[in-house]
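J.: I would like to see how this sequence folds:
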Amino acid sequence: MSEVGYQPLSRRQQRQRDNRRKRPPRPTFLGVLGEVLITAGLFVLLFVVWELYWTNLGANREAQAHRQVIIESFDEHYSGFDGSGADPAVPGTPGEAWGLLYIPRFGADYSVPVLDGTGPEIDSAVLGRYDNAPGPGEDGNLGLAGHRQTYGAVLWDMDTLQEGDRMYLQTANGWWVYETRQVHIVEPTAVEVLDPNPMNPGGPADGQWLTLTTCHPPYTVLERMITHAEQVDFVPLHEGPPAEIADSVHSMTEGA
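T.: Below you'll find the model as predicted:
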């Protein structure tokens, strides 16, 4: 039965109605903006994963290669040096690793290669010596830079250092021993932390110092975290490693 007054649609009207039903809705400004933000978010997420995870994997592989080269080269650079004056085992060649830094506060297995240069050289889970910084055994301030949250994050735990904590810088001739004196936060422009006497910026060199620099707070470059440590001893190679790091040194040697 048909309804009273019902008029069937013409073919043209039927096609127009079907086209209206099939036609997708026009994109709106908010819809386009939402899609753009979602896409941008995915790119940011991928970048964060790359920065915080992938760069660490690659850097740690490179650091292990540095460790093997350093340990193999120790025999070549050993000179029987007794700690009087500048350590001759430090070649001063950019990018060439010459030492290992042990910091027991950071864990029993913590040992980081040390080389010259603070540019791309330190993107491999290492510490880089600043240009014009003295070497171990020389008066002044041996400044080392390292990443805190990427490329191995070698100074991630620097905020845990306490006054009196010891650090051991190994070269082919033995171990330079430093004691932490100060950990503090400064502006990126505070280059005086690398002065010859970091405890008296602007003054003359007074003793031998080791300064570590890294970014702060984590995941930013807004400030710098600085640690100053004073050289207090030198242990020649023939005496064997200091007791506090003896197990770490032996494990490192066996692993290489």
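J.: Could I get the CA-only coordinates of stretch 175-185 as CSV?
T.: Taking Å, rounded to 0.1, in the frame of the first residue of the first chain, the C-alpha atoms of stretch 175-185 are listed here in CSV:
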residue,chain,number,x,y,z
TRP,A,175,96.1,6.4,39.6
TRP,A,176,95.6,10.1,40.4
VAL,A,177,93.5,10.5,43.5
TYR,A,178,91.1,13.4,43.9
GLU,A,179,88.7,14.3,46.8
THR,A,180,85.4,16.1,46.2
ARG,A,181,85.4,19.6,47.7
GLN,A,182,82.3,21.2,46.2
VAL,A,183,79.2,20.4,44.1
HIS,A,184,77.2,23.4,42.9
ILE,A,185,74.9,24.9,40.2
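J.: Show residues contacting that stretch.
T.: 87, 136-137, 158-159, 161-170, 198-199, 209-210, 216, 223-235, 241-242, 245 (CB atoms under 8 Å, 6 or more residues apart in numbering). Using the backbone N, CA and C atoms, a C-beta is placed for each residue, glycine as well.
J.: Okay, and which of these map to strands?
T.: The members of these that map onto strands under DSSP state E are 166-170, 209-210, 216, 223-235.
J.: Are any of the contacts of stretch 175-185 buried, and if so which?
T.: 87, 136-137, 158, 161, 165-170, 198, 209-210, 216, 224-231, 234-235, 241-242, 245 (16 or more other CB atoms under 10 Å).
J.: Can you show me the strands along the protein?
T.: 97-102, 111-116, 127-129, 140-145, 166-171, 174-186, 208-216, 223-236.
J.: now the first one and strand 111-116, what's the angle there?
T.: Comparing the axes of strand 97-102 and strand 111-116 via axes from the mean of the first three to the mean of the last three CA atoms, to 10 degrees yields an angle of 140 degrees.
J.: next one: the longest one
T.: Put simply, strand 223-236 runs at 100 degrees to strand 111-116, going by the same axes, to 10 degrees.
J.: Just name whatever secondary elements strand 223-236 is in contact with.
T.: strand 174-186, strand 208-216 (3 or more CB pairs under 8 Å, 6 or more residues apart in numbering; DSSP states H and E).
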